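Visitor: build the 3D model from these lines:
(2 chains)
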Amino acid sequence: MELPPSHFPAARAAAVAVGYLRYLRGGPGRGLQLREVRSARRQDIDDVGHKYYLELELEDVLDKGSTVNCTAEVLYHLGSKTSAPDVQVTVQGELRSTEQADKEFYNRIRSLEKELEAENIPGFILVPDSHGNVPPELEPIHLLAWAASGYVIWQNSTENTKFHLAQVKHVKQVKRSDEDLQFDYVLLLHEMVSQEVLPCGVSVLWHPERGARVCHGPGSA
Amino acid sequence: MESFLVFLAVLGVTSTEQLFVGDQVLRVTARNEEQIALLRVLGEQEELQVDFWRHPNIPGHPVDLRVPFPNLQGVKKLLDFRNFSYSIMIEDVQIYDWMDVLVEDHPKLVSKIQIGQSYENRPLYVLKFSTGGSNRPAVWLDTGIHSREWITQATGVWTANKIAQEYGQDPSVTAILDSMDIFLEIVTNPDGFAFTHSSNRLWRKTRSINAGSRCVGVDPNRNWDAGFGGAGSSSNPCSETYHGPHAHSEKEVRAIVDFIRAHGKVKSVISIHSYSQMLLFPYGYRRAPAPDHQEMNELAKKAVSDLAAVFGTKYTYGSIANTIYMAGGTTIDWAYDNGVKYSFTLELRDSGRYGFLLPSSQIVPTATETWPALLDIMVHVLEHPY
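Guide: Model (predicted):
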């Protein structure tokens, strides 16, 4: 059945789809967010769950001039509190390349003498700070956290939740012997329906060619 | 010229910010005459630049002391060393000082009234914009009822400046204020606001103590007597949507209820929140459309369109229950059920990237784009008397 795009059931499913896509395609040089739900449909599948079909308009926060369209399917499993929704997203057209920015970030972090930890940067333990400020050198770290939060959001969403990343409480780089960068984050997630703020620890691997991978699931901080 | 004036006014706020950022008002209790004497001496130290909002007089009576930010640490060390008991009464004095300046600058238009006190006894101030008359129909605006939504208090300040400037300049503002009054409560939850500065930036609720629980605070937007205790509110004091022991239990809510009831001619309530970019109207406590749904929906559509015209920011609109979630005990449901037809809630920027921690660089753009939406509502109220 058709759903009003501005009503919350479509909006919640869209948030899951965008979270998933942000994880897959986001990173230190790209942050994808929802601009508008163009259309939404819901199908109730007996003994399986509720499946949402969405047409979404997105934008890259680093490339605000242009928009990206995509279609998405989000299947919430019936009665399941432990199973993540199944999500499929198809992006129409190309996303702006982040190759340059990714290489620069990768090289900058690899060349640091001491592993990055937000506490090393005076005054900026929390990202953003109380006034929403993110120091420029931490912006890619923040975007990577936002991408990783997409994984957590996707994994933990139900039809009765809507999560957003509220703040990065802590980030610490972990030295690795392979080519990946590893960052251990403590994220604060805001859940819109209950209004609760929930801490969540997540380890993220990232490489310019391999993208972001969350290497353990979320646990509490 | 207009934007230059606005820019100057905002600069005025900003430069006040430079003077007052981080200044605190400490409430000190002197236990004996010796401590009273010590406080007086403290006040006399010129280089500390402290001033008393409530003077040291009798032991046991609270003394309120404003301390400029650079001297805070030193003064607190001194108080600790001398075994004074004190608490931080007001963090960031800027908004309170700015209010007084606004009133001074526009004495024929703006006045400051106190409608009550918070749980921790902070004053609840409301700015009244009026060109005279007696008990004119009025619009009520509030910001900051949820303390972590900092963009709202900031938007309240910008909007107050804007209203003061535009009277006599902008035809709509002039027409509105020639027939109606505007009431604007900016720091609607001052205890919560203080707490977001001193302890937890993401604090939402009031700071009232809950009997029998270690958890503090009630959600002031679930505490109103409309669908109180219903879906979308919690009976658990530890919850962010705890509705409180009974409707209007919170002094901050009660003060507004009493004010609006006593006034008798409030025609619109606009309660400003963040984030999600939405313009909402009743009901939250039931799914059935409100009797005036059609009219509210049309007005919301127009307001959202005029907002988007400024910078392209997209808002959705509709009833609370359809657009965001079921919620019992909200401000605008109470207002609507008590005769205030044009009751709206705004959820300002953004859509989740920064959420409550919206960068301060977005304050002016947010307030700027919200202004035409507010005007649309107020003009509609003016043109549709009831």
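
Visitor: please make it C-alpha for all contacts and neighbour counts, starting now.
Guide: Fine.

Visitor: could you list the buried residues of stretch A:106-122?
Guide: A:Tyr106, A:Arg110, A:Leu116, A:Glu117, A:Ala118 (16 or more other Cα atoms under 10 Å in any protein chain shown).

Visitor: how about the closest residue to chain B within chain A, nearest residue that isn't a chain neighbour?
Guide: Closest residue of chain A to chain B, Cα to the nearest Cα: A:Gly132 (3.8 Å). Leaving aside its chain neighbours, A:Gly132 sits nearest to B:Pro359 (3.8 Å; criterion: Cα to Cα, 6 or more residues apart in numbering or on different chains).

Visitor: in the chain, which spans are strands?
Guide: No chain specified, so I'll use chain A. A:2-3, A:32-45, A:49-60, A:67-77, A:86-92, A:163-174, A:181-191, A:197-207, A:211-214 (DSSP state E).

Visitor: switch to chain B, please.
Guide: Using DSSP E, strands in chain B cover B:24-29, B:51-54, B:62-67, B:85-91, B:110-117, B:123-129, B:138-143, B:181-185, B:266-274, B:278-281, B:316-319, B:342-348.

Visitor: just the buried positions in the second one, please.
Guide: The neighbour-count criterion (16+ other Cα under 10 Å) identifies B:Asp51, B:Phe52 as the buried residues of strand B:51-54.

Visitor: out of the strands of chain A, which gets nearest to B:Pro70?
Guide: Across these, B:Pro70 has its closest neighbour in strand A:163-174 (27.1 Å, Cα to Cα).

Visitor: can you pull the contacts of the closest residue to chain A within the stretch 251-386 of chain B?
Guide: Residue of the stretch 251-386 of chain B nearest chain A, by Cα to the nearest Cα: B:Pro359 (3.8 Å). If you count contacts by Cα atoms under 8 Å, 6 or more residues apart in numbering or on different chains, B:Pro359 has them with A:His131, A:Gly132, A:Asn133.

Visitor: and if you look at A:Ala212?
Guide: Going by Cα under 8 Å, 6+ apart, A:Ala212 touches A:Tyr23, A:Leu24, A:Gly26, A:Gly27, A:Leu144, A:Ala147, A:Ala148, A:Val204, A:Leu205, A:Trp206.

Visitor: give me the neighbour count for the residue of chain A closest to chain B.
Guide: A:Gly132 sits with 19 neighbouring residues when counted by other Cα atoms under 10 Å in any protein chain shown.

Visitor: could you list the low-confidence segments of the chain?
Guide: Since no chain was named, I'll use chain A. A:80-81, A:119-125, A:216-221 (pLDDT under 70).

Visitor: could you do chain B instead?
Guide: Using pLDDT under 70, the flagged stretches of chain B are B:1-22, B:53, B:89-93.

Visitor: what does it have sitting close to chain A?
Guide: With Cα under 8 Å from any Cα of the partner chain as the criterion, chain B meets chain A at residues B:201-202, B:232, B:239-241, B:314, B:316-318, B:322-325, B:351-360.

Visitor: correct me, but B:His61 touches B:Asn32?
Guide: No - assessed by Cα atoms under 8 Å, B:His61 is found out of contact with B:Asn32, at 10.2 Å.

Visitor: out of these two, which sits in the busier spot?
Guide: Neighbours per residue (other Cα under 10 Å) separate B:His61 from B:Asn32, with B:His61 holding more: 15 against 11.
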